[in-house]
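Participant: sequence first, then the predicted structure, then my questions.
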Amino acid sequence: MNGNTVFISYFFESLSGFSSAIHCNYIGRIELNDINPTIETIRLKFSNIDDFKFLNSNSGSTTGYSAHKLYALVQLIQYTDVDDLADVKPVPALWKTYELTHQIIGYPTGNTRLISPADMVGVVFEIPLLDYYNTGSTEFSAYNLDYLSYPIPTETDKLCFGDETYFFGTVESEVEADVFTTDLSINLALGEFNSTTNPTWDGVSSVAISEVGIYDENKNLVAIGKLNNPIIKDSSITRTISFAIDF
């Protein structure tokens, strides 16, 4: 296949001293299929005002973002012997800018007032391709992508433009962790642990075990486990207590 493809996007520019926004990440494409694409005029229209709900035209406000100028990003690719149009892609170094600010209805020539969302949907913007190929034209200018600081191919630990994802909403997350447990079985034979040094013991009643201590080889207390409910122990009862230590 032979033909011509136009890739198009847009970006805003601020004159208020703040950093200008990066270009829109949505890049449209138009298949011209014309032998002489320079006679074509590309028309760009925004139909949904809610797409610009954060565009603020109030100079005294600090919310949202403000813009004084609007530019189209244009790239025309002429291709030959292509089997699949998906193989036709824009080249980063060949983007050109075309100012659309003066086409906004009611926007005074030379004025620098802020652009409103209504300005964006109130007009069909036109981009003539004749000046695109005119090397002496001042309408189209080269678009320098260096300000985006794209990582080079070897910088695989850095994000490219569009790799990040923004989610505006409530996020619920669950944190899981591996817990390692050591289980110790403590056997209480018939003739063991049937008495206590507790001064309140009458010497006759069965004792109640409420906690277990673990000692090291030097008889240093290293852990204490408390039972949910005391258990009764006397010479007629054999008990086994499972002592678990979590790490």
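Facilitator: Done, it's in. Numbering: from 1, shown residues only.

Participant: got the confidence number for Phe54?
Facilitator: At Phe54, the model reports a pLDDT of 87.

Participant: that one: neighbour count?
Facilitator: 9 (other Cβ atoms under 10 Å). Where you see a C-beta, it was placed from the backbone N, CA and C, and this is true even at glycine.

Participant: list the contacts of it.
Facilitator: Gly64, Tyr65 (Cβ atoms under 8 Å, 6 or more residues apart in numbering).

Participant: buried set for the least confident helix or strand in the chain by mean pLDDT?
Facilitator: Of all helical and strand segments in the chain, the minimum by mean pLDDT, DSSP states H and E falls on helix 130-133, at a mean of 76. Neighbour counts over helix 130-133 (16 or more other Cβ atoms under 10 Å) mark Asp131, Tyr132 as buried.

Participant: for that helix, name the packing helices and strands.
Facilitator: Judged by 3 or more Cβ pairs under 8 Å, 6 or more residues apart in numbering; DSSP states H and E, helix 130-133 is in contact with no other helix or strand.

Participant: ok, residues contacting that helix?
Facilitator: Thr38, Ile39, Val74, Leu76, Lys96, Ser137, Glu139, Phe140.

Participant: which pair in those has the greatest spatial separation?
Facilitator: Ile39 and Lys96 (17.8 Å; Cβ to Cβ).

Participant: and those two? Which one has more around it.
Facilitator: Shown here are Ile39 and Lys96; by other Cβ under 10 Å, Lys96 has more neighbours (18 against 11).

Participant: check the gap between that one and Leu76 for me.
Facilitator: 9 Å (Cβ to Cβ, to the nearest Å).

Participant: cool, and Tyr147?
Facilitator: Applying Cβ to Cβ to Tyr147 and Leu76 gives a distance of 23 Å.
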